[in-house]
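J.: 3D, please:
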Amino acid sequence: VGAPAAVLGARALSAFPAPRLFDYETVTKNLSVADAIESVEAAFSALAKGKVDVPMPMHIEVEESSVAGPGDCHIKGGYVSGTPTFTVKLACVSFYKNLEKGLPPGSGIFVVVNAVTGAPLAVFQENRFMTDL
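T.: Numbering: from 1, shown residues only. Below is the predicted model:
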């Protein structure tokens with residue numbers, strides 16, 4: 001007796017491999033401004049040619065309460081037409097009460113996604129490092 005089709009279908013839907021995680025230390029040790037220049041130039045060239053889909057950023061305000069905040073989260077993304085991946089960035093900023101806890105006031109990740117399958121390929125924990133390049 002085999003598993004019901006619904007169970008087999010659910011397994012097939014969860015079959016993407018886990019994305020690769022690049023922690024902050026790996027990102028900062030392996031990327032430099034020189035590394036970013038060619039990619040940034042190519043992206044702006046594609047943007048000027050109308051080949052980039054960049055939706056409006058999303059903003060989440062976290063009001064201060066006994067269980068949260070204060071802080072803000074910004075979600076941005078883009079796709080360069082004809083490329084095999086697209087990227088989404090999540091940046092949490094203005095969590096200034098973190099300083100009282102010995103934590104940075106913000107954090108950020110980039111998620112690189114396969115443009116054919118929609119599978120997440122990699123997560124870069126960059127905490128503004130890549131943004132500031």
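
J.: And the helix or strand where E41 lies, what does it pack against?
T.: Applying DSSP states H and E as the criterion places E41 in helix 33-48. Packed against helix 33-48 by the contact rule (3 or more CB pairs under 8 Å, 6 or more residues apart in numbering; DSSP states H and E) you find strand 71-80. To be clear about C-beta, it is placed using only N, CA and C from the backbone, and glycine gets the same treatment.

J.: Would you mind identifying the next helix or strand past the strand it packs on?
T.: Later in the chain than strand 71-80, the nearest helix or strand by DSSP H and E is strand 85-93.

J.: Chain neighbours aside, what residue packs nearest to the residue positioned nearest the centre of the chain?
T.: Taking CA atoms, centre = their mean, the centroid of the chain lies closest to F110, which sits 2.3 Å from it. Leaving aside its sequence neighbours, F110 sits nearest to F124 (CB to CB, 6 or more residues apart in numbering; 4.3 Å).

J.: wait, isn't the one you found in contact with F22?
T.: Yes: at 4.7 Å, F124 counts as touching F22 under the criterion of CB atoms under 8 Å.

J.: the more surrounded of these two?
T.: Between F124 and F22, F124 has the larger neighbour count (other CB atoms under 10 Å), namely 23 against 18.

J.: tell me which element the more buried one falls in.
T.: In the assignment (DSSP H and E), F124 maps to strand 120-125.

J.: Identify each buried residue in that strand, please.
T.: Neighbour counts using 16 or more other CB atoms under 10 Å place P120, L121, V123, F124, Q125 of strand 120-125 among the buried residues.

J.: Stretch 69-84 too?
T.: By neighbour count on 16+ other CB under 10 Å, the buried set for stretch 69-84 is G71, C73, H74, K76, G77, Y79, V80.

J.: Pull the residues that contact the helix or strand following the strand holding F124.
T.: Of the helices and strands lying after strand 120-125 in sequence (DSSP H and E), the nearest is helix 129-132. Identification of contacts with helix 129-132 by CB atoms under 8 Å, 6 or more residues apart in numbering yields Y24, V27, T28, L31, A36, K89, A91, G108, F110, F124.

J.: Which strand or helix spans T26?
T.: helix 24-30.
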